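Undergrad: How does the following fold in three dimensions:
(one chain, ligands or ions: 2)
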Amino acid sequence: MVRASVNLHNNAVGKVMNAPMQFFDANPPGRIINRFSRDIENVDVFIPLTLDNLLRILILVVVSFISTVFNFPLYILMVLSAGIYLSVINVIASVSIRNFKRLENIVRSSLLSHVTTSCNGLNTITVYGQEKNFIDGCNQYSDDTTVGLLLYSACVRWMGLRMDIGGSLMAIVTTIVVLATKGSISPALSSLSLTLSINAASLIQFLARMVNETEAKFTSVERIHEYENLKIEDDEDTIQVEDKWPNQGGVVFSDVVLRYRTDMDPVLHGINFKIQPRQKVGIVGRTGAGKSSLVSALYRLADLSAGHVFIDDVNIRTVSRKTLRTNLSSIPQDPILYAGTLR
Ligand SMILES: Nc1ncnc2c1ncn2[C@@H]1O[C@H](COP(=O)(O)OP(=O)(O)OP(=O)(O)O)[C@@H](O)[C@H]1O
Ligand SMILES: [Mg+2]
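TA: Ligands and ions are numbered 1, 2, ... in the order given. Just a heads-up that it's a prediction; the model follows:
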């Protein structure tokens, strides 16, 4: 189980690390952090625990039933009808329980996202005096998360109560059967059956709760598995460039059309220009004109819909993204402190 969790984690990390920029545009950090913290914690810690409990109780219940049926063969009818009743309750409740757990996971991601982005933008929030808005937002998200949790717990309790009623009915019927067959089997066996069936009745409730809890916790596996299936940036037909590339710094954009997503309009429409080696160039334009998008094209953060970019006469589409990105350096718009040299 630990190996399964490690594999899930490692595969998901591998995919997220190689995911295209689009993925990071669409997924706030909180959502990603939630999958790698809470969901992984569920898989690491809680799923083994609940599975362990589940198996233990399952064995107890099965042994109780078998020994009671052994003494009172007719008891099998009781077990069957109880089984049908419990399955119906389980079918009704488990859909809601699973979905409320999913809902809780989603709203928790929004809360984490809000907290992370607020912490990142604390200076801006303070400068513009927006503390109240952000605190209100945080309270709202906390409430939403609690609602998800409350609905989940309410559903679990709803099912627990029905299971309890079923279990108690079973205990009553067993007692009646034991009393009715007084004298036909030994008192020791009767009392053993009675004790076991009363025990099983209370355990069934717990068993059903464990089944649902385990199922609900498995939504975390589902969520991590989603990341395992992420599309990653693929490099096809790459060529090897010399180590020092690019040593001149000549850049040519030829009919470059760039769009961030296939369903969006292009942001660069057929751009053509040539920068000579060692030439220093400044790009000027109003906000949203597409200056940063030129850099995105240069780093292949988004794929070109048409046209080509050449650096020192090498078409960057033919160079692997890793080589391209390691061999270029840039100072981003948002201030980030790096430990080390730029190249
Ligand atoms: N990751 C993205 N996904 C979708 N659209 C984007 C993305 N980044 C930028 N855009 C859009 O592309 C256009 C060009 O944006 P870009 O960031 O290149 O402009 P800019 O000239 O760098 O602006 P600024 O001076 O504000 O930095 C804008 O309309 C912007 O909304
Ligand atoms: Mg910009």
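Undergrad: Stretch 36-46 - what's its average pLDDT?
TA: Mean per-residue pLDDT for stretch 36-46: 91.
Undergrad: List the buried residues in it.
TA: 38-40, 42-44, 46 (16 or more other C-beta atoms under 10 Å). In short, each C-beta sits where N, CA and C put it, glycine included.
Undergrad: which residue does the stretch 101-250 of the chain bring closest to ligand 2?
TA: Thr124 (17.1 Å; C-beta to the ion).
Undergrad: Correction: the previous question concerned the stretch 201-343 of the chain.
TA: Ser292 (3.1 Å).
Undergrad: For that residue, give me its contacts.
TA: Ser292 makes contact with Gln333 under the criterion C-beta atoms under 8 Å, 6 or more residues apart in numbering.
Undergrad: Okay, and it sits in which element?
TA: helix 291-298 (DSSP states H and E).
Undergrad: Are the following helix or strand past that helix and ligand 1 in contact anywhere?
TA: Heading C-terminal from helix 291-298, the first helix or strand you meet, by DSSP H and E, is strand 304-311. No. Strand 304-311 is not in contact with ligand 1 by C-beta under 6 Å from any ligand atom; minimum separation 13.4 Å.
Undergrad: Which residues belonging to strand 304-311 are considered buried?
TA: Counting neighbours by 16+ other C-beta under 10 Å, strand 304-311 gives 304, 307, 309-311 as buried.
Undergrad: Does it pack against any helices or strands, and if so which?
TA: Judged by 3 or more C-beta pairs under 8 Å, 6 or more residues apart in numbering; DSSP states H and E, strand 304-311 is in contact with strand 251-258, strand 268-275, helix 291-298.
Undergrad: Now the last one: average pLDDT?
TA: In this model, helix 291-298 has a mean pLDDT of 91.
Undergrad: same check, this time on the first one
TA: On average, the pLDDT along strand 251-258 is 92.
Undergrad: just to revisit the earlier point, mind giving me a markdown table with the helices and strands packed on strand 304-311 and columns for distance to ligand 1?
TA: Below are the helices and strands packed on strand 304-311 laid out as a markdown table (distance: least, C-beta to the nearest ligand atom, whole Å):
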| stretch | distance to ligand 1 |
| --- | --- |
| strand 251-258 | 9 |
| strand 268-275 | 8 |
| helix 291-298 | 3 |
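Undergrad: would you turn those into CSV with distance to Pro187?
TA: Shown next, in CSV, are these (distance: least, C-beta to C-beta, whole Å):
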stretch, distance to Pro187
strand 251-258, 86
strand 268-275, 90
helix 291-298, 83
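Undergrad: Out of these, which is closest to Leu150?
TA: Within those, the stretch nearest Leu150 is helix 291-298; the backing value is 43.6 Å (C-beta to C-beta).
Undergrad: circling back to that earlier point, model confidence score at the nearest residue to the residue of the stretch 101-250 of the chain closest to ligand 2 once chain neighbours are set aside, please.
TA: Leaving aside its sequence neighbours, Thr124 sits nearest to Gln130 (C-beta to C-beta, 6 or more residues apart in numbering; 8.0 Å). The model reports Gln130 with a pLDDT of 92.
Undergrad: State the helix or strand in which the residue of the stretch 101-250 of the chain closest to ligand 2 lies.
TA: Applying DSSP H and E, one finds Thr124 within helix 122-127.
Undergrad: Now do the buried residues in that helix.
TA: Ile125.
Undergrad: now what about it, what contacts it?
TA: Contacts of helix 122-127 (C-beta under 8 Å, 6+ apart): 118, 130-131, 134.
Undergrad: Now, of those residues, which are buried?
TA: Using 16+ other C-beta under 10 Å, the buried ones in the contacts of helix 122-127 are 118, 134.
Undergrad: From the contacts of helix 122-127, which land in helices?
TA: 118, 131, 134 (DSSP state H).
Undergrad: nearest to Asn199, of the residues you listed?
TA: Ser118 (51.3 Å).
Undergrad: sorry, back to before: average pLDDT across the helix holding Thr124?
TA: Helix 122-127 comes out at a mean pLDDT of 93.
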